[in-house]
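# One predicted model, sequence on top.
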There are 2 protein chains.
Amino acid sequence: MENNKPTLHYMANSGSQQCLWEIEELGIEYDLVLHERANGRAAAALKDTHPLGKAPQLVTADGRTIAERSAIAFYLIETYDKEERFKVPPAGTPGFDSSKNDRLREEQLLSLVTTSLNQHLCMKCVLRVFANAMPFFIRPFALGFNKILDKAFLDAEVDNIFKFLDNELEGRQYFNGTELPTRLDFVIQWYVDFGAQACSIDISKYPRVKSWFDTCTSRPAWKRALEQGNGYDLTF
Amino acid sequence: MENNKPTLHYMANSGSQQCLWEIEELGIEYDLVLHERANGRAAAALKDTHPLGKAPQLVTADGRTIAERSAIAFYLIETYDKEERFKVPPAGTPGFDSSKNDRLREEQLLSLVTTSLNQHLCMKCVLRVFANAMPFFIRPFALGFNKILDKAFLDAEVDNIFKFLDNELEGRQYFNGTELPTRLDFVIQWYVDFGAQACSIDISKYPRVKSWFDTCTSRPAWKRALEQGNGYDLTF
């Protein structure tokens, strides 16, 4: 596997898109292996390269396989962002308010989206799938109960998190207050897109999130990544 | 809120216990505010101190409120571990293999448990609650389908992650290969305990995880935290 370039294992309709977007932003030369989903699940071949068997995976130029989106995002910037354009500027940088954009805030936002937001969005999806899979004479009860649970609990939790994210974007184009996207944006973008596409969350209710999202997806690197991949449709 | 001591908002039967464990390990003086759960949900008063309204929360000595367990774990060690006993030793430290215990590996493990493991455990729980809440004449179908989903999908995912964690502990007492617990252990311990208690996962099937878990919970600091808190029962 020794090579001068990293290899991204990209799976259709997954968070692989955000990794490829980051790679395109960084302007790295890379190899791409495209995987199709198998009955909606992860492709079996992904187990050959990492025991967790998920996408995305990045095989580094020196042959180490990295799993987990946020770890890949961390590695890519640490390794390839030589001019430090996609990082939070060090404290004391003129024109940058380090007191309002520090690593502690970044850790909180990372944890919030990867843990709580992810969990609520997954629960919304799985309950809908579960209710729809019930036999026809039960389905109305299951779907009704599903709606109650959504209304009573999950929707409020998701709304609260989106409002929080919206506030965190006040006075910021990107989440870390930088002029270019950082790891935080590459990670959060997945959850916002998954929420919008897979869970029908109307992100226009959160105007700063919507504007940030549009900024991300109008970047040429995002579009190049979409063209290189084999599909990115999160609706089901 | 200006004070010389941080204040931990601890809620019964939650991941507050792992934060208090860490505080006790670090030997910090602290104030403790105990919250009861309200109908199993987060206490309403937690919204007064942070818009996300969850526990744990740490109000720092200079009045900043931090939410999110892994961010609190990060802050506490950065701020109070002056002798760097609870950190990964820097590269080149004699007797420590930095090549096998680096930040990239830590980022992968953090992401794996906070994202994937959390998501699968929450889905297991919510499906069980959902099936049990169906009217009595539907419940057998819902519970039956729940079991099928567990067997076909969720149990295999959780088992795969626990096996991965077990392998990562080979030759290590703690997850970062250190002699004392680090942030990684304070974070992972919650998910393993939640899995064992709330989702009935038999962790004795993963002998290294079991041994690590017993090492953590036999530490005097863990026991002191249990005594200071207002309950830690994750079964339901």
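Structure's in. What do you need?
# Which residue ranges of chain A form helices?
Here chain A has its helices, by DSSP state H, at A:16-26, A:46-49, A:69-80, A:103-111, A:118-133, A:139-149, A:155-168, A:183-198, A:207-217, A:220-228.
# Point out the most buried one among those.
Most buried of those, by mean neighbour count (mean count of other CB atoms under 10 Å in any protein chain shown): helix A:16-26, with a mean of 25. For glycine as for every other residue, the C-beta is placed from the backbone atoms N, C-alpha and C.
# can you tell me which residues contact the residue positioned nearest the centre of chain A?
For chain A, the residue nearest the mean C-alpha position is residue A:190 (2.2 Å; CA atoms, centre = their mean). By CB atoms under 8 Å, 6 or more residues apart in numbering or on different chains, the contact set of residue A:190 is A:15, A:17-18, A:69.
# among the residues you listed, which are within reach of chain B?
residue A:69 (CB under 8 Å from any CB of the partner chain).
# Least confident secondary structure element in chain A?
Every helix and strand of chain A was ranked by mean pLDDT, DSSP states H and E. The lowest is helix A:139-149, at a mean of 72.
# and that helix, is it in reach of chain B?
Yes. Contact of helix A:139-149 with chain B (CB under 8 Å from any CB) involves A:141-142, A:145-146, A:149.
# What ranges in chain A fall below the confidence cut-off?
Counting by pLDDT under 70, the ranges of chain A that qualify are A:1-3, A:145, A:151-152.
# Now the helices of chain A in a markdown table, please, with extra columns for distance to residue B:210.
What follows is the helices of chain A, written out as a markdown table (distance: least, CB to CB, whole Å):
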| stretch | distance to residue B:210 |
| --- | --- |
| helix A:16-26 | 34 |
| helix A:46-49 | 25 |
| helix A:69-80 | 26 |
| helix A:103-111 | 26 |
| helix A:118-133 | 25 |
| helix A:139-149 | 34 |
| helix A:155-168 | 33 |
| helix A:183-198 | 32 |
| helix A:207-217 | 42 |
| helix A:220-228 | 42 |
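# out of the ones you listed, nearest to residue B:5?
Closest to residue B:5 of those, according to CB to CB: helix A:103-111, at 18.3 Å.
# The closest one packs against which elements?
The contact analysis (3 or more CB pairs under 8 Å, 6 or more residues apart in numbering or on different chains; DSSP states H and E) places helix A:103-111 against helix A:183-198, strand B:65-67, helix B:69-80.
# farthest residue from the center of chain A?
Using CA atoms, centre = their mean, the residue of chain A lying farthest from its centre is residue A:137. It sits 37.4 Å away.
# Give the full set of residues in contact with residue A:102.
Residues in contact with residue A:102 (CB under 8 Å, 6+ apart) are A:88, A:91.
# Phi, psi for it please.
phi -110, psi 180 (degrees, to the nearest 10).
# now residue A:92
phi 100, psi 0.
# shouldn't it be in contact with residue A:98?
Yes. Here residue A:92 reaches residue A:98: they are 6.9 Å apart, a contact under CB atoms under 8 Å.
# Between these two, which has more neighbouring residues?
Neighbours were counted for residue A:92 and for residue A:98 using other CB atoms under 10 Å in any protein chain shown; residue A:98 has more, 14 against 7.
# Give me the distance between the more buried one and residue B:15.
For residue A:98, the distance to residue B:15 equals 29 Å [CB to CB, to the nearest Å].
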